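Undergrad: model the following, please.
(one chain, ligands or ions: 2)
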Amino acid sequence: MARSHEPLKGGYDVDENAVRFSNYFHVLRELVHLSCGWLPLEPRLETKYLLGDHLHDDARAVTKIKRRLYELRTPSDYPGAPCDDLAALLDRASSAATSGEYIAIAYGELKPALITAVRIHLDQLDPMLDEPSLRQLTQLLHRQERHVAELPAPSAPQPFDDLGALPIRLREVRELTVMPPLDQPARDGYVEVTEDGDPYLTDELYVNGDENHVPTDPEEQKHFFHGLMDAELCAAELMARNSHEHPEMPWDFHVDMARQCWDEIRHAEVHDALMATELDCHWGDYPIGFGYFKSVYAYDLLGRLVLFNGTSEQKAMWRHSHRRKVLVEIGQAKVARVFDYLLADEVPHVHNGKRWGTYLLGGDEAAYREKLRELRAGLDPTGQPVAN
Ligand SMILES: [Fe+2]
Ligand SMILES: [Fe+2]
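TA: Numbers count the residues shown, from 1 in each chain. Ligands and ions are numbered 1, 2, ... in the order given. This is a model prediction of the structure:
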């Protein structure tokens, strides 16, 4: 039986194709970098949630684009610098004075320009000759369309007719700008921030071993999950800043931080929903404090990875498992299930500490263990650094 064939379309040549992917690379890499910088400073909870979700999509997209560029014979790991016009737009995004201003450029100009270019690309490419690009760009387009639908920005004039066709400066490098260090994360105005946080939350909730107390009565669960929700947000904010403040780290580090940032954001959303639907309380009902965040943020990257991922999250695994067991025994299956998933997600988070802490110590695992011992010696029984 004769097979029917569609005529080949031809589409872009390989070099034009690589230039297009190089421009997408620059836009998405900068979006990940800047969204990580702004996420802690964005006060609106819903917007913070969306930034954490989208920056993880964008980080994975950069990984796939790097791979496609390699396949398209781009000789180095870095595809050359963007042209002046794109660099000027990226500079404008980097010099935003507020998270709102950044989001207006990211979601009102950069992402729409990317969407337009990817649509042109999909329209022009040869679906047989260039099927790998077809598959990758279809996924990228759907995700970017979801991002701008979820976080709409005021409409702005489109910066380029076709961002993909902009020239690339081979052998030149665009450096990323790092924002000044944080004072503390931002929260909605209705959330009260105090020096000591919620006085209801006692040390016994956060110690490991026999003296650990699992909150089981309704009133203490309200306070406990409220505090836990803030701890998740702080964790997302710390990971986002780890990525933003260290553009010199390998790309895989940024993907790991983006994933953990999204996980912690999802955890916050779980507690948010659990409070509203099971516990009859809401985000903002109790005060929160940034003491723990500040004590860890004050360290360098190695110290943060050792103290937060390698210690705090590692110790939290035992408590999540213990909490789950106690809650199952008293018949609170739904609340127990939350800890089941928190525990599962904590495993790669602890591994992030070991993986990148060891990397920073030249690949020396024994040096990482020694650093763990050294920094753990300066913690109180709840895991809080006592002096810094
Ligand atoms: Fe978490
Ligand atoms: Fe975690």
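Undergrad: in the stretch 251-388 of the chain, which spans are helices?
TA: 251-274, 291-297, 301-304, 314-329, 333-360, 365-376 (DSSP state H, counting those that start in this stretch).
Undergrad: find the residue closest to the residue of the stretch 201-350 of the chain found nearest ligand 1 in space, skipping its chain neighbours.
TA: Residue of the stretch 201-350 of the chain nearest ligand 1, by C-beta to the ion: H267 (3.8 Å). Quick note: C-beta positions are derived from backbone N, CA and C, even for glycine. Nearest residue to H267 in three dimensions, chain neighbours excluded: E232, at 4.1 Å (C-beta to C-beta, 6 or more residues apart in numbering).
Undergrad: ditto for G108
TA: Among residues not flanking G108 along the chain, A153 sits closest, at 3.3 Å (C-beta to C-beta, 6+ apart).
Undergrad: which ones are touching that neighbour?
TA: I103, A104, A106, Y107, G108 (C-beta atoms under 8 Å, 6 or more residues apart in numbering).
Undergrad: again, only using 10 Å
TA: The contact partners of A153, by C-beta atoms under 10 Å, 6 or more residues apart in numbering, come to G100, I103, A104, I105, A106, Y107, G108, E109, L110, K111, P112.
Undergrad: could you do P215 as well?
TA: Listed by C-beta under 10 Å, 6+ apart, the contact set of P215 reads 200-202, 204-205, 221-225, 227-228, 323, 326-327, 335.
Undergrad: going by distance to ligand 2, which of those wins?
TA: Ranked by distance to ligand 2 (C-beta to the ion), those are led by L228 at 11.1 Å.
Undergrad: just the pLDDT for that closest one.
TA: pLDDT for L228: 96.
Undergrad: touching, it and Y286? I think so.
TA: No - applying C-beta atoms under 10 Å as the test, L228 and Y286 come out as separate, 11.6 Å apart.
Undergrad: from ligand 2, how far off is the residue nearest in space to the middle of the chain?
TA: The centre of the chain sits closest to A258, judged by C-alpha atoms, centre = their mean, with a distance of 3.0 Å. Per C-beta to the ion, to the nearest Å, A258 is found 14 Å from ligand 2.
Undergrad: follow-up on the earlier one: just checking, which of the contacts of A153 belong to helices?
TA: Judged by DSSP state H, the subset of the contacts of A153 located in helices is G100, I103, A104, I105, K111, P112.
Undergrad: which helix or strand contains the residue nearest to H267?
TA: Using DSSP states H and E, E232 maps to helix 218-244.
Undergrad: report the distance from that helix to the chain centre.
TA: How far helix 218-244 lies from its chain's middle: 14 Å, per C-alpha atoms, centre = their mean, to the nearest Å.
Undergrad: ok, and the closest non-adjacent residue to G289?
TA: The shortest distance from G289 to any non-neighbouring residue, by C-beta to C-beta, 6+ apart, is to G197 (2.8 Å).
Undergrad: assign that neighbour to helix, strand or coil.
TA: coil (DSSP: H, G, I helix; E, B strand; the rest coil).
Undergrad: any idea how far Y206 is from it?
TA: Distance of G197 to Y206, computed by C-beta to C-beta, to the nearest Å: 12 Å.
Undergrad: overlap in contacts of the two?
TA: Counting by C-beta under 10 Å, 6+ apart, the contacts common to G197 and Y206 are G227, A231, Y292.
Undergrad: which ones are touching E374?
TA: G303, V306.
Undergrad: before we move on, which element is the closest residue to F290 other than its chain neighbours in?
TA: Nearest non-adjacent residue to F290, counting by C-beta to C-beta, 6+ apart: Q184, 4.5 Å away. Q184 is part of no helix or strand, with elements assigned from DSSP H and E.
Undergrad: can you list the residues of the protein near ligand 2?
TA: Residues of the chain lying near ligand 2 by C-beta under 5 Å from the ion: E313, H349.
Undergrad: reformat the ones in helices among the contacts of A153 as CSV; add distance to D263, neighbour count and pLDDT.
TA: Shown next, in CSV, are these (distance: C-beta to C-beta, whole Å; neighbours: other C-beta atoms under 10 Å; pLDDT from 0 to 100):
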residue, distance to D263, neighbour count, pLDDT
G100, 26, 14, 97
I103, 22, 24, 98
A104, 27, 16, 98
I105, 27, 22, 98
K111, 23, 23, 98
P112, 28, 21, 97
